[in-house]
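Undergrad: from the sequence below, what's the structure:
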Amino acid sequence: MTRIKGFDEKWLIEYENRTTDKSPVVAQKNRVTEKPKTEPHVIPAKRSKYNNKKVIYDGKTFDSVHEYKVYLALKQDQAEGRIQNLECQVKFQIELNGIKIAKYIADFCYQHNGKQVIADAKSPITRKNSTYRLKAKLIAAQYGIKITEL
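TA: Below you'll find the predicted structure:
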């Protein structure tokens, strides 16, 4: 071991103990490592437009804590038999006369009483987003399904 002026062996051992932490890392400069699937964990990141924090749970990444809580409630409803075929992040193509206009990604899709439901976890602020409102109207026109905001 080389000696560096001003640093003794005790300091080096303490430094190695501090920097080689064996606990799982949630997020570190665009690097995410897995934690046990039973615990949700929030990914600290840059401040987002709506102050939301991403959450990883059950192998899925949710854009906000609210979306994660909606997922838990829907998963519980599915376990109790109130809904069926719960899916996350389902893509819908919006087309007019065979021309692709846009793409809409629904937070959740499921069957309720035999009918298809498209659901989105929205805050009061994101409900007012003009792009979302336009896409919701286009989905209703093309697929005949009104988006349920949770």
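Undergrad: for the rest of this, base every contact and every neighbour count on C-alpha atoms.
TA: Will do.
Undergrad: center of this protein - which residue?
TA: Nearest to the mean C-alpha position of the chain, by CA atoms, centre = their mean, lies residue 62 at 1.0 Å.
Undergrad: my guess is that one contacts residue 56. True?
TA: Yes. In this structure, residue 62 is within contact of residue 56 by CA atoms under 8 Å, at 6.2 Å.
Undergrad: doesn't residue 133 lie inside a helix?
TA: Yes. Under DSSP: H, G, I helix; E, B strand; the rest coil, residue 133 sits within a helix.
Undergrad: neighbours around the nearest residue to it once chain neighbours are set aside, how many?
TA: Nearest residue to residue 133, sequence neighbours excluded (CA to CA, 6 or more residues apart in numbering): residue 127, at 7.3 Å. Using other CA atoms under 10 Å, residue 127 has 14 neighbouring residues.
Undergrad: try residue 60
TA: 13.
Undergrad: now it: how far from residue 41?
TA: 11 Å (CA to CA, to the nearest Å).
Undergrad: next: residue 138.
TA: In terms of CA to CA, residue 138 sits 34 Å off from residue 41.
Undergrad: show me where pLDDT drops low in the chain?
TA: Scanning the chain for pLDDT under 70 picks out 1-8, 11-12, 15, 17-39, 43-45.
Undergrad: what separation is there between residue 123 and residue 104?
TA: Residue 123 is 18 Å from residue 104, by CA to CA.
Undergrad: does the residue nearest to residue 133 sit in a helix, a strand or a coil?
TA: helix.
Undergrad: correct me if wrong: it contacts residue 136.
TA: No. Look at residue 127 against residue 136 with CA under 8 Å: they stay out of range, at 10.3 Å.
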